[in-house]
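J.: Okay, predicted coordinates and the sequence, questions at the end:
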There are 2 protein chains.
Amino acid sequence: MAKGDRKWRDRFRKHGLRFTEPRRVILEVLSDTIEHLSAEEIYMKVHKKHPNIGLTTVYRNLYTLERMGIVTKFHFGDGCHRYELIESNKKPDHHHHLVCTGCKRIIDYDDFMDEEIEYIKKVEKALSRKHSFHITDHVIQFYGICKKCKAA
Amino acid sequence: MAKGDRKWRDRFRKHGLRFTEPRRVILEVLSDTIEHLSAEEIYMKVHKKHPNIGLTTVYRNLYTLERMGIVTKFHFGDGCHRYELIESNKKPDHHHHLVCTGCKRIIDYDDFMDEEIEYIKKVEKALSRKHSFHITDHVIQFYGICKKCKAA
DNA sequence: TTTCTTGTTGATAATGATTATCAATAATAA
DNA sequence: TTATTATTGATAATCATTATCAACAAGAAA
């Protein structure tokens, strides 16, 4: 077992779960991409490496990984969910998404994160006071037209 | 035809569309609520007034209204889309949503809109320069636990 | 080791929201 | 009045996601 895998195994152990081959492969696929893959797309990449791993297993484990706080599930308005590894060495830790309504491409961006965090904090404080609402998460997404689609 | 209806009729006309009874009723339902109704929920309310209007018609017209810029479609992560009238006399023009992950209730809020607009503007400018991306819309949502669910 | 418990898997069927199809109908234009 | 075009409602189809369930495999207990 590779060194990185041992880490994963321990992480699963803590939740009383096992670090299986399908889980290893799914994490591998997610680690190797900067894209925002859907369950179906993940399944296809997984399938190339291990043709015996089924789609159900992919769905099931994406849910597991989500609960474990390892992946995040997004909805960009194209009829399916898309998944992203939270701790990826291919992406900035905290970032948001730019969705092109033309070609559906998704661009990560992480500018003005300080300003954003400042703004979010302010809102959180006000909301917890005004509505006694305890914020645990937020989603910020931008929609528009990318360079290519503008030219076309 | 009521005075308000004439306005709607003209608006549809401009798009080469007709202001029909199903459309009138759907708009009526949306105007009369502060909730964030799903297509199914809208259909049920519409159905009470006009039992002959079908679910398909509701879906179709919500799409039409969306394209016309009259309603906005949201996705709060509960497996369906929810619709809101853009120009409603029951809601502030610009607002965001607080989603309780416990009871799924959605709270509108419109605090700190100035700060937000300031922040958004900054991001828009930077993005258009950096990625030549032209932003047309954005989504900001907060997830957390509401008062009731916290107590329970 | 053997046995027992429990997590995991893959195939299949089921669900639920949304869309496509299509003939019938109603509104508008010619 | 007729021709055109938008609209409708019912039905079937689609697509992503979940539930079911028997077979299997890893780890714990004996």
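T.: Here it is on my side, so go on. Please read these numbers as outputs of a predicted model, since none were measured by experiment.
J.: Can you give me the domain assignment for chain A?
T.: Using automatic domain parsing, the domain ranges for chain A come out as A:1-88, A:92-152.
J.: and A:His96, how many neighbours does it have?
T.: Per other Cβ atoms under 10 Å in any protein chain shown, the neighbour tally for A:His96 reads 20. From N, CA and C alone the C-beta is placed, and that goes for glycine too.
J.: What residues are recorded as beta-bridge partners of the residue of chain A found nearest DNA strand D?
T.: Residue nearest to DNA strand D within chain A (Cβ to the nearest atom of the strand): A:His81, separated by 3.4 Å. Counting by DSSP bridges, A:His81 forms beta bridges with A:His75.
J.: still on that earlier bit, let me know which of the domains of chain A is the nearest to DNA strand C.
T.: domain A:1-88 (2.9 Å).
J.: quick revisit: how about the residue of chain A closest to DNA strand D, what does it touch?
T.: Going by Cβ atoms under 8 Å, 6 or more residues apart in numbering or on different chains, A:His81 touches A:38-39, A:73-75.
J.: if we can go back for a sec, want to throw the domains of chain A into a markdown table with mean pLDDT and distance to B:Cys103?
T.: Below are the domains of chain A laid out as a markdown table (pLDDT from 0 to 100; distance: least, Cβ to Cβ, whole Å):
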| stretch | mean pLDDT | distance to B:Cys103 |
| --- | --- | --- |
| domain A:1-88 | 95 | 20 |
| domain A:92-152 | 88 | 12 |
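J.: what would these look like in JSON lines with distance to B:His95?
T.: JSON lines is the format used below for the domains of chain A (distance: least, Cβ to Cβ, whole Å):
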{"stretch": "domain A:1-88", "distance to B:His95": "19"}
{"stretch": "domain A:92-152", "distance to B:His95": "12"}
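J.: Dump these to JSON lines, plus distance to DNA strand C.
T.: Below are the domains of chain A laid out as JSON lines (distance: least, Cβ to the nearest atom of the strand, whole Å):
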{"stretch": "domain A:1-88", "distance to DNA strand C": "3"}
{"stretch": "domain A:92-152", "distance to DNA strand C": "14"}
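J.: Which of those domains sits closest to B:Asp114?
T.: domain A:92-152 (10.8 Å; Cβ to Cβ).
J.: how distant is the closest one from the center of its chain?
T.: 14 Å (Cα atoms, centre = their mean, to the nearest Å).
J.: ok, is it in contact with DNA strand D or not?
T.: No. Contact of domain A:92-152 with DNA strand D (Cβ under 7 Å from any atom of the strand) is absent, the minimum separation being 12.5 Å.
J.: for stretch A:38-49, same thing?
T.: Yes. Stretch A:38-49 is in contact with DNA strand D by Cβ under 7 Å from any atom of the strand, via A:38-40.
J.: How about the spatially most central residue of chain A: what's its closest non-neighbour residue?
T.: The centre of chain A sits closest to A:Glu84, judged by Cα atoms, centre = their mean, with a distance of 2.1 Å. Ranked by Cβ to Cβ, 6 or more residues apart in numbering or on different chains and with sequence neighbours excluded, the top spatial neighbour of A:Glu84 is A:Thr72, at 5.3 Å.
J.: do A:Thr57 as well
T.: A:Thr57 sits nearest to A:Pro22 (Cβ to Cβ, 6+ apart), 5.0 Å away.
J.: Check which residues of the strand or helix carrying that neighbour are buried.
T.: If you go by DSSP states H and E, A:Pro22 is part of helix A:21-31. Of all the residues in helix A:21-31, those buried under the rule 16 or more other Cβ atoms under 10 Å in any protein chain shown are A:22-27, A:29-30.
J.: Could you export the helix or strand harbouring the residue nearest to A:Glu84 as PDB, CA atoms only?
T.: Per DSSP H and E, A:Thr72 falls inside strand A:71-75. Extracted as PDB, the C-alpha positions of strand A:71-75 are listed here (Å, rounded to 0.1, in the frame of the first residue of the first chain):
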ATOM      1  CA  VAL A  71     -15.600  16.000  -1.500                       C
ATOM      2  CA  THR A  72     -18.200  18.800  -2.200                       C
ATOM      3  CA  LYS A  73     -21.200  18.500  -4.300                       C
ATOM      4  CA  PHE A  74     -22.200  21.300  -6.600                       C
ATOM      5  CA  HIS A  75     -25.100  22.200  -8.800                       C
END
